[in-house]
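[1] one predicted model, sequence on top.
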Amino acid sequence: MTTSGNSLQPSAAQTPATPAPPHAPSIHIRAFITWLAIFPLVSVGMLLLGPFMESWHPVLRALLLTLLVVPAAVYFVVPKLFVAYGMLVKRRVQRAARDRA
């Protein structure tokens, strides 16, 4: 069964122009943002918990610190940093488009 030139997909003139989805940040940007979240959390955690955990074995100190830092980073800090990064990239793209016009 053949059709006479009509396709089931709408033509380019019929589809509205949709913006391209944003590109995911490079692995280097993701690593930097993750470090930017982890380093301050570990530093503050060590300062606050250090006196309390002074007599503990280093492995137990690391266990407690990572039990607190990793969820805080993954669920709260890193997503907020990625939103900030996205806003920065969006502003940069808008400024570049404005300068070209």
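    Received the coordinates, thanks.

[2] spatially central residue for the protein, please.
    For the chain, the residue nearest the mean C-alpha position is residue 82 (3.4 Å; CA atoms, centre = their mean).

[3] what helix or strand is residue 36 located in?
    Assigned by DSSP states H and E, residue 36 falls within helix 27-49.

[4] whichever helix or strand comes after that helix packs against which elements?
    Later in the chain than helix 27-49, the nearest helix or strand by DSSP H and E is helix 58-72. Judged by 3 or more CB pairs under 8 Å, 6 or more residues apart in numbering; DSSP states H and E, the packing partners of helix 58-72 are helix 27-49. For glycine as for every other residue, the C-beta is placed from the backbone atoms N, C-alpha and C.

[5] quick one, what contacts the closest residue to residue 82 other than its chain neighbours?
    The shortest distance from residue 82 to any non-neighbouring residue, by CB to CB, 6 or more residues apart in numbering, is to residue 33 (6.3 Å). Counting by CB atoms under 8 Å, 6 or more residues apart in numbering, residue 33 touches 25, 78, 81, 82, 85.

[6] can you name the residues that contact the first one?
    Residues touching residue 25, when contacts are defined by CB under 8 Å, 6+ apart, comprise 33, 82, 85.

[7] so what does it have for phi and psi?
    phi -60, psi 150 (degrees, to the nearest 10).

[8] return the per-residue confidence for it.
    For residue 25, the model assigns a pLDDT of 88.

[9] now it: how far from residue 78?
    Distance of residue 25 to residue 78, computed by CB to CB, to the nearest Å: 12 Å.

[10] same deal with residue 37?
    5 Å.

[11] then residue 34?
    Taken as CB to CB, the span from residue 34 to residue 78 is 6 Å.

[12] kindly report the same for residue 39.
    12 Å.

[13] more neighbours, those two?
    Ranked by neighbour count (other CB atoms under 10 Å), residue 39 and residue 78 place residue 78 first, with 17 against 12.
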